[in-house]
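[1] Build me a model:
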Amino acid sequence: MKKRRRVVNKKQGHGFKILLALFVLFALGTAAHFCYNFILGWDKLNVKKIEIRGLSVLNEEYVKKLIDMKMGDNIFSYKLDDELLLKEQWVERAKLGRVLPDKIVVKVKERVPAAMFVDKGREFIITLDDKIVRTVAAAEEKYKIPLWSDYNDMASGRRGEIMSFLKHIREKENSFYEGIKSFYMEGESLKMNMADHVVIFGRPTLDLVGEKLQSVRKVISDAAAKGQNIQYIDLRPFTKKMRSAIIKFQKGAE
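    Residues are numbered from 1 along each chain as shown. Just a heads-up that it's a prediction; the model follows:
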């Protein structure tokens, strides 16, 4: 009899604990639901300002229309449309942030142009991450964008190689990169037209780029000091064994 009573008492004890646990869970759920509704309904958290950061090419009002956010809703109800990056190719990525109690901040990272090209009379820009975007006046004002004269010439088949070369120059020799007006492939060489001279690289590989440019920078400076105009700088013969470049002046000898 005593054993039966103990068994019954144990079962009653377990049943009480289960009921207590269910009650606690119900109470917590009710409290959470109440807090959730209270937060969403609290007018102190209604958005009064939407701020766009990180823009240098795109217009702020234009981006606000793209993200299609209206002020006045609860701050926690806002989210970015996943289609934003498809609507505007200049946007590489975007992130939404909240500044309590009433401000939404959208941080935008724009793509950076590498070069411009013309297709069927229209100008386009290819970015450093190999995306083709429409031209924007603000981009041409902010960046010095060289013209890729033979971009549409599929015969060269070396766009990837040239893009890698451009990225490397822009990163390591940005002052040189910003001086490029236009460029194109001429045979196996990459010909870059500068303001007052032309630079011809052999196969556009990344090796020795900085060393090549450094080797002729002094000659260019000396020529400018003497009032000499450089017709072209031919870096094709520049190898590890032959450290010189052919520099041809409009007047004078090589």
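[2] and Lys109, that one's in a strand?
    Yes - using DSSP: H, G, I helix; E, B strand; the rest coil, the assignment for Lys109 is a strand.
[3] Okay, it and Glu188: tell me how far apart.
    Lys109 sits 37 Å away from Glu188, taking Cβ to Cβ, to the nearest Å as the criterion. Glycine gets a C-beta too; all of them are placed from N, C-alpha and C.
[4] and the chain, what are its domains?
    When the chain is parsed with automatic domain parsing, its domains come out as 45-110, 113-249.
[5] Figure out which of the ones you listed is closest to Ile18.
    In terms of Cβ to Cβ, the element of these nearest to Ile18 is domain 45-110, at 34.7 Å.
[6] Quote the end-to-end distance of the closest one.
    With Cα to Cα, to the nearest Å as the measure, the first residue of domain 45-110 is 30 Å from its last.
[7] Averaged pLDDT, that domain. What do you get?
    Looking at domain 45-110 alone, the average pLDDT works out to 91.
[8] so which helix or strand takes in Cys105?
    If you look again at residue 105, you'll see it is Val, not Cys. For Val105, the element it lies in under DSSP states H and E is strand 103-110.
[9] Give me the contact list for that strand.
    Residues outside strand 103-110 that contact it (Cβ atoms under 8 Å, 6 or more residues apart in numbering): 47-58, 63, 67, 69, 75, 78, 80, 90-99.
[10] Can you lay out the domains of the chain as a markdown table showing distance to Ile18 and mean neighbour count?
    Converted to a markdown table, the domains of the chain look like this (distance: least, Cβ to Cβ, whole Å; neighbours: other Cβ atoms under 10 Å):
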| stretch | distance to Ile18 | mean neighbour count |
| --- | --- | --- |
| domain 45-110 | 35 | 15 |
| domain 113-249 | 58 | 15 |
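[11] May I see those domains organised as TSV, with distance to Leu25 added?
    As requested, the domains of the chain are exported to TSV (distance: least, Cβ to Cβ, whole Å):
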stretch	distance to Leu25
domain 45-110	24
domain 113-249	49
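[12] Can you classify Gly160 by secondary structure?
    Counting by three-state DSSP, the backbone at Gly160 sits in helix.
[13] Model confidence for it, exactly?
    Per-residue confidence at Gly160 stands at 87 (pLDDT).
[14] likewise Pro146?
    Pro146 carries a pLDDT score of 96 in this model.
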